[in-house]
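Student: Would you be able to build a 3D model of this:
(one chain, ligands or ions: 1)
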Amino acid sequence: MKSTLRDLPVWQKVVLVIFAGTIFLTVFGPHIGPYSATTASPADRLMPPSAEHWFGTDENGIDIFSRLLAAPRTDVTIAVIATAISVILGAPIGVVVALLESRRTRRSRAAAETAMRLLEVVQAFPVFVFAMVLVAVFGGTTLNIIAAVAFVNTPVFVRLVRSDVLSLIQQPFAEAARAIGNTEMRTGFRHVLPNAAERVVVQISVTVGFAILLTAGLSFVGAGVRPPTPELGGMIASGAKYLIVDQWWPALFPGVALGLIVFSFGVFGEILNKALEPRATRGDGHRPMDEGPTGPVPTEPDIPIQEATVPEPVPDPVPASAFAGEPDGSTLAAGAAEGPAILAVRGLTVGRWDERGAPLLDDIGFSLVEGECLGVVGESGSGKSLLVRSLLQLVPPTLAVRDGEIRYRDTDLLGLDKGQLRKLRSNQIAAILPNAKAQLHPLITVGRTMISAIQAHERISSREARDRSIELLTSVGLSDPARRLEAYPHELSGGMAQRVCVALALMHRPDLLIADEPTAGLDVTIQRQVLDLIETLAGNRGTARLLVTGDLGIAAHYCDRVAVMRAGRIIEINETRAFFANPRHAYSQHLVSCVQP
Ligand SMILES: Nc1ncnc2c1ncn2[C@@H]1O[C@H](COP(=O)(O)OP(=O)(O)OP(=O)(O)O)[C@@H](O)[C@H]1O
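Tutor: Now for the predicted structure:
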C-alpha cells in the first residue's frame, strides 16, 4: 500500500487529500466551523467574501464557509448508505442471475432473462427523474431519499457482477472449485465473486460520487434534503437565484465543493483498485518462493521423457485417408480391462447443445479397473480435454452430452443430480486439470483454498482443517508448508502449484483420479517429480487413474494401457508394451514412429 501511495502522480495525491478532507468533514465538519451552520442572521444577509466571512454569507445570513464544512456529512452519509444497500442487493442478485444464465435448462435461462429485462425497464427511465418520482410518491424524508438513490443504483451492481461472474465461471479456477466438490452457489459466491471485487470496489467509489450528485440534485430541485440542514444541492439552489444580480458566492463555493468531492471519489476508486490487487501489493516486496527441498526423488524412467515428446501438432506425412479407417475389433481389443470396472464409458457422444453439427466426441467407449492407469494420447484437438470434462460433468455450456453412458462403479454419472455429483467428486472421483496456477483462486491464499475444500466435505473446525492442510502439503513434498499456506498462487512456482493441486485432488483418498495434462508447462525434471508423486500417492493406494497426455513418453512410463484419440474417437486401445511394440492402427503406427529414434 505504501509503495502504491508513493508511486502516485502528484495530481492523484492532491485528489487523495481532497478525498481524505471530505471524509474528515463528514465526521467532524458540523463541529469545526467558526459560525453556526444553521442559525439565520438576517442582518448579515448576502455579505460578500471578507476576512470575517471567508466565503461570504447566504440569503439567511449564515456563514457559507461554516455551512460548507458541515454539508458533506449529509450528502456523503446518504450516498454511502444508499450505495452500500445497492451493493448488498445487487451483487448477490448478479451472481444468481449469472449462475442461472450459465445453466442450460430453459427454465433457468427464462428466469435470468426475466430478471435482466426487469432491470432494463428500471434503467430505461432517466435515473434522476426516476429518483424524483420515488421521492415525490413516498415523501422527501432522509430514509426515502436513501431508498430512492439505492434503488436506482442497484441495477448497476447487478449488471457488473453478472457480467464478471459469467466470464469468470468458465475459468480454470472456477472449474477446479466445482471439480473438488463445491456447489455452483458456493463456487459463485466464494470463488468467483471475490474476483469481481476489484471492479465492484472501483464501481462503489464511482457510485458513491454519483449518489452524492443525485442527492444534491434532488435537493436542488426541492425534492431532497430540506433547509436549514446544510446540504450542497440545497445550497447551490438557494444561491443560484442571486447569480443574475452578481452575487456569485452563495452558489459558486458549494458548486466547486460538490465537483471536487464527486471527482475525488472517482479517482479514489482507481487508487483503491491498484492497492487491492494482490500482485500489486505483494509483488514488489515478495520474490517468488524458492522451490525448496521437495518430495520423493524420482527414479529413472525406462523411456526418457524428453526424447519421447511428440511435437504439437503432429505433422501428417501419411495421407489422411490412411487414418480414416473405422476402429475395428482388433484396434479396440484391450478396451475393456479385466476385473470389476471402476469407470465404464459406453457410446459417449458429445456435441453442440442444440444438436447442430457433427459430434466432437463420437461413440467413446473404454473401462478402467482398480489401481489401473489408462493413458489417453492424441494430437491437439483430438478431444482429450473434452473427454475429461465430460467424465467430470464439466462440459462447457455451449456443448452437451448427446448420448452414451458413464458408469462409476454401479452409478450412472449422467443420471445424477448436482448434489449427488458433488458428493462423488473429490470424495471418490478427483481431478487434476492443466495449468495448476490457473486452477488456484488468484485472490485466495493456498491455505484458504485447502481449508475450504476440506470443509466442503467434512464438518471440522478451521484449525483442524489447517492442520490437515499442513499434513497434506508435507505429503506432496512441499517444504515449509505453514508458509505455503499463506501464499497466493502467483507466489508459487509452477511445480509448487501443481503439488498443491495434487494435494487438493488426493485429499479425500479418491478411488478414481482423472488427470488432464497434469504436467503441461512444467520443465522435464519437475514433470517427472509430479508424475512420480501422483504414482506414489495414487497408484500405491490402488486409485484408478485416467491420465491425459500429449507426451507418449509419459504414457509409456506411467500407464498400464494406452488409448489413442483422433478426431473425437478412440481409434485404438492396447496394453502399453504391446501398443509401443506393435501399434495396430495406421495413425498409432505414425504416432509411435514419430517418437522412436
Ligand atoms: N466450448 C467448446 N465449444 C465448441 N467446441 C469446442 C469447445 N471446447 C472444445 N471444442 C472442440 O472440441 C474439440 C476437442 O477439443 P479438446 O480441447 O478436447 O482437444 P484436446 O485433444 O484436449 O487438445 P489439446 O491437447 O490441444 O488440449 C476441438 O475440435 C475443439 O475445437
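Student: Can you tell me how far Ser475 is from the ligand?
Tutor: For Ser475, the distance to the ligand equals 29 Å [C-beta to the nearest ligand atom, to the nearest Å]. For every residue, glycine as well, the C-beta is placed using N, CA and C.
Student: Numbering from 587 from now on, please.
Tutor: Taking 587 as the first residue, the last one we looked at is Ser1061.
Student: For that residue, what are phi and psi?
Tutor: Backbone torsions of Ser1061, given as degrees, to the nearest 10, read phi -70, psi -20.
Student: same deal with the one 4 residues further on?
Tutor: Per-residue torsions, Ser1065: phi -80, psi 160 (degrees, to the nearest 10).
Student: likewise Asp989?
Tutor: Dihedral angles for Asp989 - degrees, to the nearest 10 - are phi -160, psi 160.
Student: what do you get for Ile1100?
Tutor: phi -110, psi 120.
Student: Who are the contact partners of it?
Tutor: Applying C-beta atoms under 8 Å, 6 or more residues apart in numbering, we find Ile1100 in contact with Val974, Leu977, Leu978, Ile1015, Ala1016, Ala1017, Ile1018, Arg1131, Leu1132, Val1134.
Student: Doesn't Phe952 lie inside a strand?
Tutor: Yes - applying DSSP: H, G, I helix; E, B strand; the rest coil, one finds Phe952 inside a strand.
Student: That one bridge partners, please.
Tutor: Val931 (DSSP bridges).
Student: and it, how far is that from the ligand?
Tutor: Taken as C-beta to the nearest ligand atom, the span from Phe952 to the ligand is 15 Å.
Student: How much space separates that residue from Ile1156?
Tutor: Note on Phe952: its distance to Ile1156, by C-beta to C-beta, to the nearest Å, is 6 Å.
Student: higher neighbour count, those two?
Tutor: Ile1156 (26 against 23; other C-beta atoms under 10 Å).
Student: tell me the SS of that one?
Tutor: With three-state DSSP as the basis, Ile1156 sits in strand.
Student: May I have the phi/psi pair for the nearest residue to it once chain neighbours are set aside?
Tutor: What sits nearest to Ile1156 in space, not counting adjacent residues and going by C-beta to C-beta, 6 or more residues apart in numbering, is Ala1149, at 5.1 Å. The phi/psi pair for Ala1149 (degrees, to the nearest 10) reads phi -110, psi 130.
Student: buried stuff in whatever helix or strand Pro678 lives in?
Tutor: Element membership of Pro678 [criterion: DSSP states H and E] is helix 650-688. Buried positions in helix 650-688, judged by neighbour count with 16 or more other C-beta atoms under 10 Å: 650-669, 671-673, 675-688.
Student: try stretch 971-985
Tutor: Judged by neighbour count (16+ other C-beta under 10 Å), stretch 971-985 contains these buried residues: Ser971, Leu972, Leu973, Val974, Arg975, Ser976, Leu977, Leu978, Gln979, Leu980, Val981, Leu985.
Student: Just the ones in strands from those residues, please.
Tutor: Leu985 (DSSP state E).
Student: In helices, which of the buried residues of stretch 971-985 appear?
Tutor: Using DSSP state H, Ser971, Leu972, Leu973, Val974, Arg975, Ser976, Leu977 are the members of these that sit in helices.
Student: Now do the buried residues in the helix or strand following the helix holding Pro678.
Tutor: Remark: after helix 650-688, the chain's next helix or strand is helix 692-710, criterion DSSP H and E. By neighbour count on 16+ other C-beta under 10 Å, the buried set for helix 692-710 is Ser694, Ala697, Ala698, Ala701, Met702, Leu705, Gln709.
Student: among these, which two are most distant?
Tutor: For those, the maximum inter-member distance is 22.6 Å, found between Ser694 and Gln709 (C-beta to C-beta).
Student: sec struct for the residue of the stretch 637-786 of the chain found nearest the ligand, please.
Tutor: Of all residues in the stretch 637-786 of the chain, Gln756 sits closest to the ligand, at 8.5 Å by C-beta to the nearest ligand atom. Under three-state DSSP, Gln756 falls in the coil class.
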